[in-house]
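> prediction below, plus the sequence it came from.
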Amino acid sequence: MKKPISLLLVLAVLLVSCGTQDRKAKYIFYFIGDGMGTSHVTLAKLYADSVLNDSNAVSFTQFPVVSHSTTYAQNRYITGSAAAGTALSSGTKTSINTIGLTYDRTDTLYSIAKKFKEAGRKVAILTSVSIDHATPAAFYAHVGHRDNYYEIAKQLPKSNYDFFASGGFLEPNGSKSDSGAVSIYELGKHYGYHFTTSLTGVDSLVAAGAKSVVYSAPNSASGSALQYEIDRSPSDVTLADITRKAIDVVDNPNGFFIMVEGGKIDWAAHDNDAATVIHDVLAFARAVDVAIDFYSKHPNETLIVVTADHETGGLSVGNRENKYDVHVNLLQYQKVSKERLHKLVSDFQLQNPKAKFADLLSLLAENTGLSKEIELTDADIQMLMEAYNYVFKSSQSPETTTYSETDPISRVAIQILNSKAAIGWTTGSHTAQPVPVFTIGCGQEHFTPMLDNTDIPKMILRSAALR
Ligand SMILES: [Zn+2]
């Protein structure tokens, strides 16, 4: 499945970068929206335009160069984050679940982040999920399976990178089966790594001359991730906050490479939860805006690439029920993620084990608009009633989806809302849809209209005049 080098590509590399021959991208931002297909971007933009009246909310859609990228893995047409992350970090396809190794796991694949570090740039790796998750791991770790979180974390301090920021670690003290393991905080110290849960703490450590800093956000959500944007309280840290902090830490005359993952776009899409997808794409776009601010001060030396590792959910704007109509405005009444709604329903049930269906409807009205701003049909009420009977009368344990727990009431409520808003979902997994690539800045001319994910890191290196 090797892609032929196109004539356009050959012509593009002959073009001179950034005006003059000796200019090259010194400051690189690599944004990866996990699971963020074209429809996720389209939906967030439609919502921002029509509900928030903000036509600049997804400003990366206005970048001058827009491409599409294929995402397939070495051994499966529909990829996963480990194989796709490795392709985006190293420029080589690998097998499903493999991180930083060849498809047969016999040889090491190196990330462009390492190349930038070796070339004297500073490097920051940022994510809204845990730092040992597949996408960030693909920039510093080499493991046979993405689920080896402790093994991944142990490799983090060996990277020698300057700054890491995330929701934390999944197995900081070793896997459950390994009780004698050294905590990664202890281990990190030996490599000169400093750990903090405060953004001002990052400043103090840097001011005191700390070589490398690992920031983990306080009040993390499940899975050691940042809160979903829709659930976030004002004091919770955002992806834009940590992007801003990363620039403070790694900005230096030799330049930098910053990778930023919007990791929970994927999680919300696995949950088929459109409102939560929208708010996480918007939060991701605000992190890109921080880079755009930096770019506007250094337009001849900065490259920003915004892409995705794969599409999640088979999301469509438009569905069978609504034919040619869309009602994305209905999603504004959803106030919490499906994951948080499950928690609210569970707490409500614990406190009111004999609650009536009408009481449950008030909870749903408040958090989703259903039965309040959004009218329910007899069929909708029937579905919710069945879910209520199932949960309240048969005391079932929660259902699990890829990244969260749910219950029939929350699942049916969000399904009804998505259906009324004309949002279609074809899967709870990933799809093979190509993903968008938005590029601006020094080297943008290397990004041709149709790419493969393995092309992207190579073009970033080329923009920076590295190999
Ligand atoms: Zn992914």
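Received the coordinates, thanks. Numbers count the residues shown, from 1 in each chain.
> residue 39 is in what secondary structure piece?
helix 38-50 (DSSP states H and E).
> so which residues on the stretch 1-150 of the chain come close to the ion?
Residues of the stretch 1-150 of the chain lying close to the ion (CB under 5 Å from the ion) are 34, 81. Heads up, the C-betas are built off the backbone N, CA and C, glycines and all.
> and the residue of the stretch 1-150 of the chain closest to the ion?
Across the stretch 1-150 of the chain, the shortest distance to the ion (CB to the ion) belongs to residue 81, at 3.0 Å.
> these two touch, right, that residue and residue 32?
No: between residue 81 and residue 32 there is no contact under CB atoms under 8 Å: 9.3 Å.
> which neighbours do the two share?
Common contacts of residue 81 and residue 32 (CB atoms under 8 Å, 6 or more residues apart in numbering): 135, 309.
> contacting residues for residue 235?
residue 219 are the contacts of residue 235 under CB under 8 Å, 6+ apart.
> phi first, then psi, for the residue of the stretch 1-150 of the chain closest to the ion.
Dihedral pair for residue 81: phi -60, psi -30, per degrees, to the nearest 10.
> residues touching it, list them.
34, 133, 134, 135, 146, 266, 309, 310.
> what parts of the stretch 151-300 of the chain come near the ion?
residue 266.
> residue of the stretch 151-300 of the chain nearest the ion, please.
Closest point on the stretch 151-300 of the chain to the ion, by CB to the ion, is residue 266, at 4.8 Å.
> tell me who's in contact with that residue.
The neighbours of residue 266, taking CB under 8 Å, 6+ apart as the test, are 34, 35, 36, 81, 312, 403.
> ok, 6 Å please
Residue 266 sits next to 34, 35, 312 when contact means CB atoms under 6 Å, 6 or more residues apart in numbering.
> now do the strands in the stretch 151-300 of the chain.
163-166, 193-196, 212-216, 256-262 (DSSP state E, counting those that start in this stretch).
> dump those to a markdown table, plus mean pLDDT.
Shown next, in a markdown table, are those (pLDDT from 0 to 100):
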| stretch | mean pLDDT |
| --- | --- |
| strand 163-166 | 98 |
| strand 193-196 | 98 |
| strand 212-216 | 98 |
| strand 256-262 | 98 |
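> mind checking which of those is nearest residue 106?
strand 256-262 (26.0 Å; CB to CB).
> mind showing which ranges of the chain have poor pLDDT?
Along the chain, the parts satisfying pLDDT under 70 run over 1-23, 395-396.
> okay, now the domains of it?
7-315+428-463, 327-421 (automatic domain parsing).
> select, out of those, the one closest to residue 321.
Closest among the domains of the chain, using CB to CB: domain 327-421, at 5.5 Å.
> check the offset of that closest one from the chain's centre.
26 Å (CA atoms, centre = their mean, to the nearest Å).
> does it reach the ion?
No: Domain 327-421 lies apart from the ion when judged by CB under 5 Å from the ion; the minimum separation is 10.4 Å.
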